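Visitor: fold the following, please.
(one chain, ligands or ions: 1)
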Amino acid sequence: MAAKPIKVVITGASGEIGLMVSYMMAKEEICGAGQLIDLVMVENRSRMKQLRGAVGEIKTCNLTNVQNYITTDNLIEAFTDADIIFLVGGLFSAPGFSRNDVIGMNALEFKEIGLALSKVAKATVKIVVVVEPQNINLMVLSYFAPDLKPCNLTALSRVDHNRAQTMLARMLNISSDKIVHLTMWGNRSITIFPDIRHAKIEIKGKLLPAYEAIKDDFYLKYKFTEELQNREAEILKKRKTSGCFQTVAIAAVQHMRDWIHGTKPGDWTSMIVMSDGSYGIDKGLAYSFPVRVSAAGEWEIVSDLDINYYEREKLDERVNEIKAERMFAYGILELPEAKIEVQKDEEGAVDQARATKWSFGHAEPLPCSILGILEQDRLGTM
Ligand SMILES: NC(=O)c1ccc[n+]([C@@H]2O[C@H](COP(=O)([O-])OP(=O)(O)OC[C@H]3O[C@@H](n4cnc5c(N)ncnc54)[C@H](O)[C@@H]3O)[C@@H](O)[C@H]2O)c1
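Guide: Here you go, the predicted model:
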């Protein structure tokens with residue numbers, strides 16, 4: 001008898017990245033050779049027409065990997081019995097939006113997602129958060145779905161891992177699979193910290209430390225990080241587009257493939273996971289670590305890298321940044337853990353245009369208090 005189809009859910013499935021992830025999951029045998037999937041594509045009600053159009057197109061691509069195509073705007077229906085969930089549906093940072101705008105808006109989305117998962121998630125589900133800011137969204141989701149265990153929860157830092165790997169390979173004109181033991185530490189933001197010191201490069205069959213192979217310590221320690229951080233902006237400027245959609249979709253699918261089948265023997269990847277206290281990072285903080293995955297699909301943090309004084313400082317800076325962003329999100333959600341006071345708009349005035357924009361995906365415009373705090377942040381008074 002054929003194996004039961006694996007239920008793969010993609011939220012934001014009619015968006016740029018969600019649609020590309022859907023195509024790849026329908027086309028590639030990510031869940032295993034010959035393994036059928038049920039592809040569940042989730043969208044906001046207002047985008048269901050576009051989603052049905054997109055599914056109509058995928059169905060005519062002559063792909064044999066999918067047993068059933070399901071479209072829905074109902075998170076409970078989507079998440080029930082789901083084996084794999086790509087959380088791609090959320091708000092993208094538009095021109096003029098600050099990072100705190102994006103944190104606030106997506107915190108509200110991820111509260112809803114967490115609540116839905118808390119009702120129906122399978123104990124073995126594999127979830128990857130693609131929506132920015134990935135670290136914060138993962139912690140909000142986990143807060144509202146407390147029964148989910150760290151083994152269920154990851155977020156995407158593979159985009160930067162892939163970029164760094166490719167940049168190093170290009171310096172030596174070699175294939176990127178010759179670069180191993182690379183790590184992206186911390187927060188998926190412009191401050192993500194690439195660790196090249198532990199990376200190794202295969203040259204003529206021998207693994208050499210990256211610093212020894214490249215022989216440009218100043219570039220690797222200072223300029224490389226800057227170039228990595230600016231890479232996305234550079235591409236967007238040249239392409240005149242608002243996002244590196246292909247880069248993100250491919251990274252999300254690679255992340256999931258490694259999680260299902262294991263990382264390359266002798267190597268690891270970078271994933272945002274809930275810290276178990278490794279490297280002195282607070283337990284429960286969503287942080288990008290070096291992560292090794294067994295062939296059975298169980299991930300663990302690679303916990304025995306030596307960390308020097310410079311790296312310690314960088315790791316701790318990212319902890320503080322993530323904690324501050326988490327506090328901001330908790331403030332928006334009015335959680336008891338928040339130490340900041342959510343300011344009420346005493347005048348009761350609401351900028352309806354912004355309220356509607358930020359309430360994208362929600363039945364009601366966001367409350368005044370939230371608009372108040374976001375406005376303050378934009379004015380730089382927080
Ligand atoms: N470097 C990165 O890792 C990176 C880069 C770009 C984008 N992203 C993230 O990927 C996400 C998707 O980007 P995109 O370019 O595809 O955006 P997009 O605006 O094209 O698509 C997002 C889709 O999500 C849907 N959506 C919003 N909330 C939803 C919800 N709760 N449930 C279901 N659907 C929902 C929207 O209707 C929209 O169709 C963005 O939110 C962004 O944060 C990450």
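
Visitor: stretch 74-88 near the ligand at all?
Guide: Yes - legend: contact between stretch 74-88 and the ligand by CB under 6 Å from any ligand atom is shown at residue 88. Bear in mind the C-beta positions are built from the backbone N, C-alpha and C, glycine included.

Visitor: flag every buried residue along that stretch.
Guide: Residues of stretch 74-88 classed as buried by neighbour count (16 or more other CB atoms under 10 Å): 75, 78-80, 82-88.

Visitor: most widely separated two among the residues you listed?
Guide: Spanning the widest gap among the buried residues of stretch 74-88 are 80 and 88, at 19.0 Å by CB to CB.

Visitor: in a strand, residue 8, correct?
Guide: Yes - applying DSSP: H, G, I helix; E, B strand; the rest coil, one finds residue 8 inside a strand.

Visitor: count of neighbours near it?
Guide: 25 (other CB atoms under 10 Å).

Visitor: ok, residue 63 next?
Guide: 14.

Visitor: so how far is the strand or helix carrying residue 110 from its chain's centroid?
Guide: Counting by DSSP states H and E, the element that carries residue 110 is helix 99-120. Its chain's C-alpha centre and that of helix 99-120 lie 13 Å apart, by CA atoms, centre = their mean, to the nearest Å.

Visitor: is the ligand within reach of that helix?
Guide: Yes - contact between helix 99-120 and the ligand, assessed by CB under 6 Å from any ligand atom, occurs at residue 109.

Visitor: what pLDDT, on average, does the helix or strand just after that helix get?
Guide: Following helix 99-120 in sequence order, the next helix or strand is strand 126-129 (DSSP H and E). Averaging pLDDT along strand 126-129 gives 98.

Visitor: in strand 126-129, what counts as buried?
Guide: So, applying 16+ other CB under 10 Å, buried residues of strand 126-129: 126-129.

Visitor: from those, which is closest to the ligand?
Guide: residue 129 (9.2 Å; CB to the nearest ligand atom).

Visitor: look up how far residue 47 lies from that closest one.
Guide: Per CB to CB, to the nearest Å, residue 129 is found 20 Å from residue 47.

Visitor: and for residue 139?
Guide: Distance, residue 139 to residue 47, using CB to CB: 27 Å.

Visitor: and those two? Which one has more around it.
Guide: Between residue 139 and residue 47, counted using other CB under 10 Å, residue 139 has the larger neighbour count: 27 against 18.

Visitor: and that one, what are its phi and psi?
Guide: Taking degrees, to the nearest 10, you get phi -70, psi -40 for the backbone angles of residue 139.

Visitor: ok, the closest residue to it other than its chain neighbours - contacts?
Guide: With CB to CB, 6 or more residues apart in numbering as the criterion, residue 139 has its nearest non-adjacent residue at 4.9 Å, and that residue is residue 286. Counting by CB atoms under 8 Å, 6 or more residues apart in numbering, residue 286 touches 134-136, 138-139, 142, 153, 155, 272-275, 322.

Visitor: what's the helix or strand for the residue nearest to residue 297 when sequence neighbours are not counted?
Guide: Nearest non-adjacent residue to residue 297, counting by CB to CB, 6+ apart: residue 260, 5.3 Å away. Using DSSP H and E, residue 260 falls within helix 245-261.

Visitor: you'd agree the residue nearest to residue 297 is up against residue 30?
Guide: Yes - with contact defined as CB atoms under 8 Å, residue 260 reaches residue 30; the gap is 6.8 Å.

Visitor: what lies in contact with the helix or strand containing residue 230?
Guide: Using DSSP H and E, the element containing residue 230 is helix 224-239. With contact meaning CB under 8 Å, 6+ apart, helix 224-239 is reached by 160, 163-164, 167, 190-194, 196, 242-244, 247.

Visitor: at 7 Å what do you get?
Guide: 160, 163-164, 167, 190, 194, 196, 242, 244 (CB atoms under 7 Å, 6 or more residues apart in numbering).

Visitor: that helix to helix 245-261, inter-axis angle?
Guide: For helix 224-239 against helix 245-261, the angle by axes from the mean of the first three to the mean of the last three CA atoms, to 10 degrees is 130 degrees.

Visitor: please identify the buried residues of helix 224-239?
Guide: Buried, per 16+ other CB under 10 Å, within helix 224-239: 224-225, 228-229, 231-232.

Visitor: could you report the pLDDT at the residue nearest to residue 139?
Guide: 98.

Visitor: bridging residues for it?
Guide: Counting by DSSP bridges, residue 286 is bridged to residue 274.

Visitor: same check, this time on the one 5 residues further on
Guide: With beta bridges defined as DSSP bridges, residue 291 has these partners: residue 269, residue 301.

Visitor: can you list the buried residues of stretch 74-88 in a markdown table and add secondary structure?
Guide: Formatted as a markdown table, these follow (three-state DSSP):
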| residue | secondary structure |
| --- | --- |
| 75 | helix |
| 78 | helix |
| 79 | helix |
| 80 | coil |
| 82 | coil |
| 83 | coil |
| 84 | strand |
| 85 | strand |
| 86 | strand |
| 87 | strand |
| 88 | coil |
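
Visitor: next, format those residues as JSON lines and append pLDDT and distance to residue 94.
Guide: Formatted as JSON lines, those follow (pLDDT from 0 to 100; distance: CB to CB, whole Å):
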{"residue": "75", "pLDDT": "97", "distance to residue 94": "24"}
{"residue": "78", "pLDDT": "97", "distance to residue 94": "26"}
{"residue": "79", "pLDDT": "98", "distance to residue 94": "28"}
{"residue": "80", "pLDDT": "98", "distance to residue 94": "33"}
{"residue": "82", "pLDDT": "98", "distance to residue 94": "30"}
{"residue": "83", "pLDDT": "98", "distance to residue 94": "33"}
{"residue": "84", "pLDDT": "98", "distance to residue 94": "29"}
{"residue": "85", "pLDDT": "98", "distance to residue 94": "25"}
{"residue": "86", "pLDDT": "98", "distance to residue 94": "22"}
{"residue": "87", "pLDDT": "98", "distance to residue 94": "19"}
{"residue": "88", "pLDDT": "97", "distance to residue 94": "17"}
